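In: Predicted model and sequence below, questions to follow.
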Amino acid sequence: MTKQFVFKGASQMPMISVSLGHMDWNKTGAWRAQRPFYEDKTSPCSAACPVGNDIVGFIQKITEEDFEGAWNLIREENPFPGVCGRVCFHPCESKCNRREYDEPIAIHALERFVSDFASNLNKKIRKGPGARKNKIAVIGSGPAGMSCAYHLAKLDYDVTVFESSSLAGGMLRTGIPSYRLPKDVLDREISNIAELGVEIRTGIPFGEGLNLDGLKNYQAIFIATGAHRGRDLHVPGGKGRGVFSGLDLLKKINLGRKVTLGDKIAIVGGGNTAIDVARSVVRLGKKATILYRRSKEEMPAFGEEMVEALEEGVKIRYLVNPIRIQQKDSLHRLECLRMELGEKDESGRRKPVPIPGSNFFFEADNVIIAAGEEVELFFLPKGLEKREGIVLTQRDGNTGARGIFAGGDLTSNQRTVAHAIGSGKKVALAIDCYLNGKDSEEALRQILTGEGPSISMFRYLHPQERLMNPHVVTFDELNTDYFEPSRRQRETKDLIKKRIKGFREITSGFTEGIAMEEAERCFSCGTCVGCENCYVFCPDASIIKIGEVLSHQVDYDFCKGCGICFSECPRGVISLKEEAR
Ligand SMILES: Cc1cc2nc3c(=O)[nH]c(=O)nc-3n(C[C@H](O)[C@H](O)[C@H](O)COP(=O)(O)OP(=O)(O)OC[C@H]3O[C@@H](n4cnc5c(N)ncnc54)[C@H](O)[C@@H]3O)c2cc1C
């Protein structure tokens, strides 16, 4: 008996005929030296995502036109898809296997698409059903604090967030400019969290009006106050009139306050804050020059941001270090030294070394210092261990002080939105364990291995430790014969002239059609999508479909272990192991 098959994703392949017959009397499985088995593995994108998004999962939903399903899946892990779809530095894309084939999947743009879709339909997250359990205080309403509050509220805790500023959101509100992250997107995601029952009390600085005594009715406290102090330059004149901190300037602009600047602005620094300041200054109609002490290769700013800044007219002078700022009337003269690169320092970048006698002057109306951010430690409860400017915690965010946890920028130098969101999520689990007398390390292990209660929102927790199956699929494990080269879809950006006229968002999201096209490019590494190559190619007809098309089993009575299913699986879902003898 033969049957003809045409299979998905292989338009270039001819129709083929395969045998479906069994010879029941001759159980050829006994000849097998190696055993194929189905094994969903971890995709490299999910392994690289500090938030722990099920990236292949939500992209598959997009291909099925189930945008709401995609949204639900993302929101299991992340309350900020609209934010992440816009400003996450998308480490997932740099690990995408498709990068080695043609171009990586535009994961960030797909996440943004899903979040925009949900907001257009006014989709809300469901409230937890149960009565509120213990009271938890979260200090700081940045992505770390809000992510922790979100997951705790979903676990039915009674959460109050205390925020010193007048508005919630942390650096998403006061640091990142609106042309990258419109504030209505942030407002919407924060209000979705509040609708779960999280109370957000603004204008309450911990360490001033509020202290530990005032929080004694709370059974656990999560401190996520970020890094809000602009680093000093420590040069003469570095605090003079007309010299500003980059963070202060961005905060003023973001909160719609008045900003008075001259025409020519020098920005000192090389990170994302320097780029955001420079691009904001350009939008205020000024000329911006960044002075950076190392070379382009060492610049910590995100590459895409740098490209956009240069397009918008920002100038960058490399290997230049100001050593003095002199003021004459309203003009500032920055005495600078030219630098060259020496040995690598502890950050792994080559150290800038001054070239003796290379002094020169750079004139500007204002100087803005954007040389990095530091953590404010003075208001923190006594007894917290600190080292090199951050608070030390255990892996789960436990500070060692009873019931006090910490996370986000306060405890780490990774300093990204995604790391902050991931850290808040992990602390939510740790607090849940702490309040239920469970060991959080053990709970984490059980969740990750599927032994414990299934709390799907914690399926993917943290790089290296989150993996249900620690096997991360590599490019070599895929059979790319079944994929066709295709161009990555790109979000459209406003023309430069229009961009620099104001602070409106410059990037437009995908349409449904484009999102589905881009999602179709995903290799779905390690996840079976039911292409049926295994079923079609098995020469022994030993692949059994169980109910749904996505579920298969190997009939070991007849499988001879030829390995054809393994090599024809496009997605690396089938593994082979040596047969026990
Ligand atoms: C200019 C700039 C641009 C950036 N751009 C990006 C980007 O594009 N992508 C990216 O991934 N990362 C970016 N980052 C980094 C990212 O914003 C941070 O890593 C992230 O916001 C850290 O989150 P957090 O919750 O730990 O702290 P924060 O976001 O800093 O939030 C801390 C909150 O605590 C509050 N707080 C502080 N002290 C107290 C107190 N005593 N009592 C009560 N509340 C208090 C603060 O007001 C703030 O709301 C950027 C950072 C800056 C400065």
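Out: In hand now; what should we look at?
In: For the stretch 301-450 of the chain, give me the ranges with low pLDDT.
Out: 444-450 (pLDDT under 70).
In: For it, what lies in contact range of the ligand?
Out: Residues of the stretch 301-450 of the chain lying near the ligand by Cβ under 6 Å from any ligand atom: E373, F379, G408, D409, L410, R415, T416, V417, A418, A420. C-beta here means a position set from N, CA and C on the backbone, and glycine is covered the same way.
In: What is the neighbour count of the third one?
Out: G408 is flanked by 34 other residues according to other Cβ atoms under 10 Å.
In: And the fifth one, by the same measure?
Out: When counting by other Cβ under 10 Å, one arrives at 29 neighbours for L410.
In: do the same with the last one
Out: Taking other Cβ under 10 Å as the neighbour definition, A420 ends up with a count of 33.
In: picking that back up, the residues of the stretch 301-450 of the chain next to the ligand: which two are farthest apart?
Out: The span of those, defined through Cβ to Cβ, is set by F379 and A418 at 26.5 Å.
In: ok, those two, which is more surrounded?
Out: Neighbour totals were compared for F379 and A418, and A418 leads with 25 against 15 (other Cβ under 10 Å).
In: helices or strands up against the helix or strand where that one lies?
Out: Per DSSP states H and E: A418 is located in helix 417-435. Here helix 417-435 touches helix 81-87, helix 143-154, strand 220-223, strand 404-406, helix 440-449, going by 3 or more Cβ pairs under 8 Å, 6 or more residues apart in numbering; DSSP states H and E.
In: For A109, which non-adjacent residue is spatially closest?
Out: E491 (5.1 Å; Cβ to Cβ, 6 or more residues apart in numbering).
In: residues from the protein in reach of the ligand?
Out: Counting by Cβ under 6 Å from any ligand atom, the chain sits next to the ligand at 87-89, 139-145, 162-165, 170-172, 175-176, 205-207, 224-226, 228, 250, 272-273, 276, 373, 379, 408-410, 415-418, 420.
In: for the residue in the stretch 451-581 of the chain positioned nearest to the ligand, which residues make a bridge with it?
Out: In the stretch 451-581 of the chain, the residue that lies nearest the ligand is T507 (12.5 Å; Cβ to the nearest ligand atom). Beta-bridge pairing for T507 (DSSP bridges): K493.
In: now F362
Out: Taking DSSP bridges as the rule, F362 bridges to L334.
In: That one - how many residues pack around it?
Out: Residues near F362, counting by other Cβ under 10 Å: 18.
In: Smallest gap between the stretch 1-150 of the chain and the ligand, at which residue?
Out: G142 (2.1 Å).
In: where do the helices sit along the stretch 251-400 of the chain?
Out: Secondary structure of the stretch 251-400 of the chain (DSSP state H, counting those that start in this stretch): helices at 272-283, 303-311.
In: Kindly state which of those is positioned closest to S43.
Out: Relative to S43, the nearest member of those by Cβ to Cβ is helix 303-311, separated by 22.5 Å.
In: ok, now which ones touch the residue in the stretch 401-550 of the chain that the ligand sits nearest to?
Out: Per Cβ to the nearest ligand atom, G408 is where the stretch 401-550 of the chain lies closest to the ligand, at 2.2 Å. Residues in contact with G408 (Cβ atoms under 8 Å, 6 or more residues apart in numbering) are G140, G142, P143, A144, G145, A224, T225, G226, H419, A420, S423, G424.
In: about what we covered before: pick the most buried one from the helices and strands packed on helix 417-435.
Out: Highest mean neighbour count of the helices and strands packed on helix 417-435: helix 143-154, a mean of 30 (counted as mean count of other Cβ atoms under 10 Å).
In: Between helix 417-435 and it, find me the angle.
Out: Counting by axes from the mean of the first three to the mean of the last three Cα atoms, to 10 degrees, helix 143-154 points 40 degrees away from the direction of helix 417-435.
In: avg pLDDT for helix 143-154?
Out: The average pLDDT within helix 143-154 is 95.
In: Pull the number of nearby residues for the nearest residue to K386 once chain neighbours are set aside.
Out: Residue nearest to K386 in three dimensions, not counting chain neighbours: L377, with 5.9 Å by Cβ to Cβ, 6+ apart. L377 sits with 15 neighbouring residues when counted by other Cβ under 10 Å.
In: okay, the helices of the stretch 251-400 of the chain in TSV with mean neighbour count next?
Out: Putting the helices of the stretch 251-400 of the chain into TSV (neighbours: other Cβ atoms under 10 Å) gives the following:
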stretch	mean neighbour count
helix 272-283	25
helix 303-311	15
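In: want to throw those helices into TSV with distance to E532?
Out: Below are the helices of the stretch 251-400 of the chain laid out as TSV (distance: least, Cβ to Cβ, whole Å):
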stretch	distance to E532
helix 272-283	46
helix 303-311	39
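In: Compare those helices and give me the one nearest G246.
Out: helix 272-283 (4.3 Å).
In: contacts for the closest one?
Out: 175-177, 179-180, 230, 246-247, 249-250, 253, 261, 265, 267-269, 288-290, 292, 300-302, 305-306, 308-309, 312-314, 368, 370-373, 500-503.
In: just checking, which of the residues you listed belong to strands?
Out: Those of the contacts of helix 272-283 mapping onto strands are G230, I265, I267, V268, A288, T289, I290, I368, E373, per DSSP state E.
In: Bridge partners for the first one, pull those for me.
Out: On DSSP bridges, the residues paired with G230 through beta bridges are E373.
In: Got the confidence number for it?
Out: G230 is assigned a pLDDT of 92 by the prediction.
In: Same check on the second one?
Out: Model confidence at I265, given as pLDDT, is 97.
In: In contact with it: list those residues for me.
Out: I265 neighbours (Cβ under 8 Å, 6+ apart): A278, V281, K286, K287, A288, T289, A364, D365, N366, V367, I368.
In: Mind telling me which residue is nearest the centre of this structure?
Out: A418 (3.3 Å; Cα atoms, centre = their mean).
In: Identify the residues contacting that residue.
Out: Contact analysis of A418 by Cβ under 8 Å, 6+ apart lists C49, P50, V51, C84, C88, F89, P91.
In: Grab the nearest non-local neighbour of it.
Out: When the adjacent residues along the chain are set aside, A418 lies closest to P50, with 4.3 Å between them (Cβ to Cβ, 6+ apart).
In: Could you pull up phi and psi at the one you found?
Out: Dihedral pair for P50: phi -70, psi -20, per degrees, to the nearest 10.
In: pLDDT of stretch 281-300, averaged?
Out: Computed over stretch 281-300, the average pLDDT equals 95.
In: And that stretch, what's buried?
Out: Buried residues in stretch 281-300, defined by neighbour count with 16 or more other Cβ atoms under 10 Å: 281-284, 286-295, 298-300.
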